[in-house]
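Student: Any chance you can model this:
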Amino acid sequence: MKPDELEYLYLAMKDLARGPRSVVVEIGSWTGSSTVHIARGIRDFNKGASLVCVDPFSKESFSLTPNQKRRSTEIDVLGKFREHMEGFNYVVLRGQSVDVAPLFLLESVDFVLIDGDHTYKGAKADIKAWWPKVVRGGIMCGHDYGKARFGVTKAVKKYVKDYTVPAYSIWETHKT
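Tutor: Residues are numbered from 1 along each chain as shown. You can find the predicted model right below:
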C-alpha cells in the first residue's frame, strides 16, 4: 500500500462507530504490513476495539498477485504477519473471507477492509458477505480500486452504493 492509504487506515480508527467497543475486520492480512497501521490506530485512538484478521495465510492463496506468489515461496506468511504484529492485540481467523463471515452477527462490525481475493467474483462475494455485518454508522472499504488487472473496480461499481475514493486505491462507503 502507498503512504496515503496506510495513513487512511490509521486515521480511520479515530471515528469507529462504537468507539472502544468496536470490531474491526481486515480481510486479506497476508504478512500484516497494512494491518500494523490499523492496529496502531486502534492503540492510539480506540483502545479496547477488537481487531480480527481474516486470511488463509497460505503460500497457495489464489488472491495473491504474481509478485506475492513468488515471494511467498520464500517466506513463512503467518510467521511474518506475527512478526509485524508483535505487541498488538488481534485475533487471527484463518480461512477464506466468505467462510468466516457467517461467524459474525448481523450489524456487528464497525469497520471492514476488503483486500482479499482481487478477482471480480471474489470481490463481489466479499462485499455481499460482509455488508450485512457492518453496523449503522460503520464503514466498509477496500483496496486496489482502479487497478485494471483486478476485478475490484467492477465489483465496487456494481455492488456498492455511494462510495468514494479517499486515498490512492482505497474505496469507502458508510452504512446509514
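
Student: Mean pLDDT per element in this structure, and the minimum belongs to which helix or strand?
Tutor: The helix or strand with the lowest mean pLDDT-type score in the chain, counting by mean pLDDT, DSSP states H and E, is helix 66-72 (a mean of 60).

Student: Following element in sequence after that one, please.
Tutor: helix 77-84 (DSSP states H and E).

Student: any idea of the mean pLDDT in the helix or strand that that following helix is followed by?
Tutor: Per DSSP H and E, helix 77-84 leads on to strand 91-94 as the next helix or strand towards the C-terminus. Strand 91-94 shows a mean pLDDT of 97 in the predicted model.

Student: how far does strand 91-94 sit from the chain's center?
Tutor: 13 Å (Cα atoms, centre = their mean, to the nearest Å).

Student: Can you tell me what sits against that strand?
Tutor: 29, 50-57, 78, 81, 100, 103 (Cβ atoms under 8 Å, 6 or more residues apart in numbering). C-beta coordinates here come from the backbone N, C-alpha and C atoms, glycine included.

Student: Taking those residues, tell me the two that lie furthest apart.
Tutor: Among the contacts of strand 91-94, the pair separated by the greatest distance (Cβ to Cβ) is Ser50 and Pro56, at 20.7 Å.

Student: who has more neighbours, these two?
Tutor: Pro56 (22 against 17; other Cβ atoms under 10 Å).

Student: just checking, the more buried one touches Gly95?
Tutor: Yes - using Cβ atoms under 8 Å, Pro56 is in contact with Gly95, at 6.1 Å.

Student: Can you pull out the low-pLDDT segments for this structure?
Tutor: Residue ranges of the chain with pLDDT under 70: 59-74.

Student: just the helices in it please.
Tutor: Taking DSSP state H, the helices of the chain run over residues 3-12, 35-45, 66-72, 77-84, 97-100, 120-130, 152-159.

Student: quick one: the shortest one to chain centroid distance?
Tutor: I take that to be helix 97-100. Using Cα atoms, centre = their mean, the offset of helix 97-100 from its chain centre is 13 Å.

Student: and if you look at the second one?
Tutor: The chain centroid and the centroid of helix 35-45 are separated by 13 Å under Cα atoms, centre = their mean.

Student: Run through who's touching that helix.
Tutor: 6-7, 9-14, 16, 24, 26, 29, 49, 51, 53, 81, 84-85, 88-90, 113.
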